[in-house]
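> Structure here, sequence nowhere to be found:
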């Protein structure tokens, strides 16, 4: 089991108000699975992804990633887990605008201490893998939305992570470009990667092997979800 969460709760305190984003989530994802977490706005799906991605901590509950009890780790230890085991793809791409596509893909390897020549070689190989070898020296403002998302996917793969987490990865793209990005996720999964997509889009979720339905901070059945 690669990802295992038990009794996960997340409560945000906003002044005198408590917001219960997650309410006792139990979830297991095997190594090599292709899974989507589907839910409307406010269902808790992005909160769950942030916890799985070690970007946030649960208020209560356990989270094991590849057998490691993530919920017990210090901030530096969490950063190390993110660096080594998790690749992120966001709806808004999150590329640094003043550096090239190649340099954006290199960034995770810089933080991991990979030497210059080695990281430049791997970054170029990854850009070629996503069909952007000829755009390596372009900055994000010179790329289309689909190209920028491909750069973001290449960056997510930089440190050869155990799992790729993608939060609404086609949300800012037209339908044709979105299909190309989903085709790329299909290929990553076929290559052995564990891929978890967070989406509110039924079509996107339908491309995955398994759909996890989230509603009001809880995992529910498809029938409950569609009530």
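Right, received. Where do you want to start? It should be emphasised that the depicted structure is a prediction, and the values quoted were computed from it without experimental measurement.

> Run the chain-centre distance for the longest helix along the chain.
Scanning the chain for the longest helix, with DSSP state H as the assignment, gives helix 175-190. Taking the mean of its C-alpha atoms, helix 175-190 sits 14 Å from the chain's own mean (Cα atoms, centre = their mean, to the nearest Å).

> helices and strands around the next helix or strand after that helix, which ones?
Read in the C-terminal direction, the helix or strand following helix 175-190 is strand 194-199, with elements assigned using DSSP states H and E. Secondary structure elements in contact with strand 194-199, counted by 3 or more Cβ pairs under 8 Å, 6 or more residues apart in numbering; DSSP states H and E, are strand 34-38, helix 45-52, strand 163-167, helix 175-190, helix 202-206. Where you see a C-beta, it was placed from the backbone N, CA and C, and this is true even at glycine.

> contacting residues around the third one?
The reference is to strand 163-167. Around strand 163-167, the neighbours that count as contacts under Cβ atoms under 8 Å, 6 or more residues apart in numbering are 2-3, 46, 49, 52-53, 65, 85-91, 153, 156-157, 185, 188, 193-198.

> mind redoing it with 7 Å?
2-3, 46, 49, 52-53, 85-91, 156, 185, 188, 193-198 (Cβ atoms under 7 Å, 6 or more residues apart in numbering).

> Then stretch 82-96?
Residues external to stretch 82-96 that are found in contact with it (Cβ under 7 Å, 6+ apart): 53-54, 65-66, 104, 108, 111-112, 140, 148-149, 151-153, 156-157, 159, 161-169, 171-172.

> Neighbours of residue 75, how many?
Residues within reach of residue 75, counting by other Cβ atoms under 10 Å, total 9.

> can you pull the contacts of it?
Contacts for residue 75 were tallied using Cβ under 7 Å, 6+ apart; there are none.

> quick one on the thing from earlier: can you tell me which of the contacts of strand 163-167 are buried?
Listed as buried from the contacts of strand 163-167 are 2-3, 46, 49, 52-53, 85-91, 156, 185, 188, 193-198; burial here means 16 or more other Cβ atoms under 10 Å.

> Give me the buried positions along the longest helix of the chain.
Along helix 175-190, the positions that meet the burial threshold by neighbour count (16+ other Cβ under 10 Å) are 177-179, 181-182, 184-185, 188-189.

> Could you find the closest non-adjacent residue to residue 222?
For residue 222, the nearest residue in space outside its immediate sequence neighbours is residue 213; the separation is 5.9 Å by Cβ to Cβ, 6 or more residues apart in numbering.

> Sorry, wrong one. I was asking about residue 62.
Here the nearest residue to residue 62 in space, its sequence neighbours aside, is residue 6; by Cβ to Cβ, 6+ apart that works out to 4.7 Å.

> Tell me who's in contact with that neighbour.
For residue 6, counting by Cβ under 7 Å, 6+ apart, the contacting residues are 26, 61-62.

> secondary structure class for it?
Recorded secondary structure, residue 6: strand (DSSP: H, G, I helix; E, B strand; the rest coil).

> gap between it and residue 196?
Relative to residue 196, residue 6 is positioned 17 Å away (criterion: Cβ to Cβ, to the nearest Å).

> Name the helix or strand of this protein that has the lowest mean pLDDT.
Taking mean pLDDT, DSSP states H and E as the measure, helix 222-225 is the helix or strand of the chain with the lowest mean score, a mean of 86.

> Quick one: residues in contact with that helix.
Judged by Cβ under 7 Å, 6+ apart, the contacts made with helix 222-225 from elsewhere in the structure are 213, 215.

> Before I go, just wanted to say thanks for your time.
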